[in-house]
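got a sequence here, can you build the structure:
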Amino acid sequence: MRIKSLQVLGVTQVSDSYPNIKYKLSALQRLLGDRYSEYVVHLSKSAVSQGMFSALSSGSLALVWRILIGHIRVFFFSMRNRAESVYVCYPGIFITSWLGLPFIRNRYPVVYLDAFISLYDTVVVDRRMLQKGGMLAKILYRLEKRGFEAATAVVVDTPENASYYSELFEIPIDKFRAMPLCIPPLSADTRKTVERTPGRVRCVFVGTLVPLQGIRTIVDAAALLEQEPDIEFVCIGDGQHAEYIGRYLATTSNPRLTWHRGHYPTDFIVQQIREADICLGIFGDGPKAQRVLPYKIYYYLALGMPVVTAMTDTAIRTLAECQGLGVDRPFVLVPAGDAQSLANSIRELRDNPDERTRTGASGAEYFQRALSDSAIDQSLKELIEPV
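Reported below is the predicted structural model:
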């Protein structure tokens, strides 16, 4: 079914800092050509560098004001225009709720909501920035539920999140559509060759240090391997659980962990990944970690790097997908929160460079077949122009 027009609406940051938005919009443009139009109010890069949730929690009135004015602009635009369908960028629950009002809905009969991250789940359940059952938490829950209900389809990143949101917000599962996240164009073929001493390995972790990342498990594994001079760790990022890295570096007398604290440009992060021998995923033992395949793992796989990550529901499903595609396992799994198992897996990969090469190659193959631009284009086509 060929649609006549798709209008994109949003108040968000469109950059490599939030690549899913930027490159999903590029994919929609590829798919629709001149049937695509866009009205997106861009948030400043300072909001990205601070992190949206941390900025809000620190009472950044300037950011709140920009978000408010941006939504007002989108609301007025939507009243002056119309389209056969509309794609609402993350975070879009306010816009989608607005589009669901009777006097607006006839202008946009079909509404697709990108729900990359649930605001309620992140702020209340995972990071506990608001008290569950409190007034603000209840308001956020009702707003997000209303936004989901108003959408024709809600786009999420994994089937596990689709099931969880369906249960959490009491919305039929068939409203949710799982499709891969988008990242910048990367290729394992362009990996920089790094001359390293045989038998030595460099383990790289990239992350925002929120609970699901499980940074404490990585730090504890580094401590267990502290007396092994052929293993080093590099951590890149900052966030809620930064204290675990800081405390370790302040107390150890023989650290083999380098911390690039802060928010770094994509080029720097990609180069650090390319120079790694082993890449570290997520190791949190909370429920949210079970449902996600985070950006970092997309980058690791795209660049053909061997990955060690937690044995989550999403990771186990991914292994089953690989088996169906005839692809070897793309990563090594360890129990969530188990520093000893992580340390053991790192030792095993250190001692087996051929296994590192094989795992990295399998990851690159899986990425190309299931997570690349072609897979995303197909998912969007099935969503917007189903047969």
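
and stretch 162-182, what's buried?
162-166, 168-169, 171, 175-177, 179-182 (16 or more other Cβ atoms under 10 Å). Every C-beta, even on glycine, is put in place using the N, C-alpha and C of the backbone.

no no, stretch 23-39
Buried residues in stretch 23-39 (16+ other Cβ under 10 Å): Y23, K24, L25, A27, L28, Q29, L31, L32, R35, Y36.

got it, and stretch 239-256?
In stretch 239-256, counting by 16+ other Cβ under 10 Å, buried: G239, Q240, H241, A242, Y244, I245, Y248, L249, P255, R256.

same check, this time on stretch 129-138
In stretch 129-138, counting by 16+ other Cβ under 10 Å, buried: L130, A137.

returning to what we had before: could I get the buried residues of stretch 23-39 as JSON lines with distance to I139, secondary structure and pLDDT?
Listed next are the buried residues of stretch 23-39 as JSON lines, based on distance: Cβ to Cβ, whole Å; DSSP: H, G, I helix; E, B strand; the rest coil; pLDDT from 0 to 100:
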{"residue": "Y23", "distance to I139": "32", "secondary structure": "helix", "pLDDT": "94"}
{"residue": "K24", "distance to I139": "28", "secondary structure": "helix", "pLDDT": "95"}
{"residue": "L25", "distance to I139": "29", "secondary structure": "helix", "pLDDT": "95"}
{"residue": "A27", "distance to I139": "34", "secondary structure": "helix", "pLDDT": "95"}
{"residue": "L28", "distance to I139": "31", "secondary structure": "helix", "pLDDT": "96"}
{"residue": "Q29", "distance to I139": "35", "secondary structure": "helix", "pLDDT": "95"}
{"residue": "L31", "distance to I139": "36", "secondary structure": "helix", "pLDDT": "93"}
{"residue": "L32", "distance to I139": "36", "secondary structure": "helix", "pLDDT": "94"}
{"residue": "R35", "distance to I139": "37", "secondary structure": "helix", "pLDDT": "95"}
{"residue": "Y36", "distance to I139": "34", "secondary structure": "strand", "pLDDT": "96"}
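
and the two most separated of those residues?
Y23 and R35 (19.0 Å; Cβ to Cβ).

which of the buried residues of stretch 239-256 lies closest to A302?
The closest of the buried residues of stretch 239-256, once distances to A302 are taken by Cβ to Cβ, is G239, at 23.0 Å.

okay, who's weakest in the buried residues of stretch 239-256 by pLDDT?
When the buried residues of stretch 239-256 are sorted by pLDDT, the bottom entry is P255 at 82.

quick check: closest non-adjacent residue to that residue.
L249 (5.6 Å; Cβ to Cβ, 6 or more residues apart in numbering).

same thing with I171?
Per Cβ to Cβ, 6+ apart, closest to I171 is F148, 5.3 Å.

do the same with A370
Per Cβ to Cβ, 6+ apart, closest to A370 is E321, 6.3 Å.

contacts only, for the residue nearest to I171.
I93, T96, L113, A115, V154, Y165, F169, I171, K175 (Cβ atoms under 8 Å, 6 or more residues apart in numbering).

any low-confidence regions in the stretch 51-200 of the chain?
51-60, 188-199 (pLDDT under 70).

how about the strands in the stretch 201-350 of the chain?
201-206, 231-236, 257-260, 278-280, 307-310, 332-334 (DSSP state E, counting those that start in this stretch).

pairing partners for the fourth one, with directions?
It stands for strand 278-280. Using DSSP bridges, the strands paired with strand 278-280 are strand 201-206 (parallel), strand 307-310 (parallel).

list of residues touching the last one?
Counting by Cβ under 8 Å, 6+ apart, the neighbours of strand 307-310 from elsewhere in the structure are 214, 278-285, 289, 297, 300-301, 315, 330-337, 342, 345-346, 349, 359, 363.

try stretch 122-140
Here stretch 122-140 has contacts from F53, S57, L119, Y120, Y141, V210, P211, L212, Q240, G286, P287, K288, using Cβ under 8 Å, 6+ apart.
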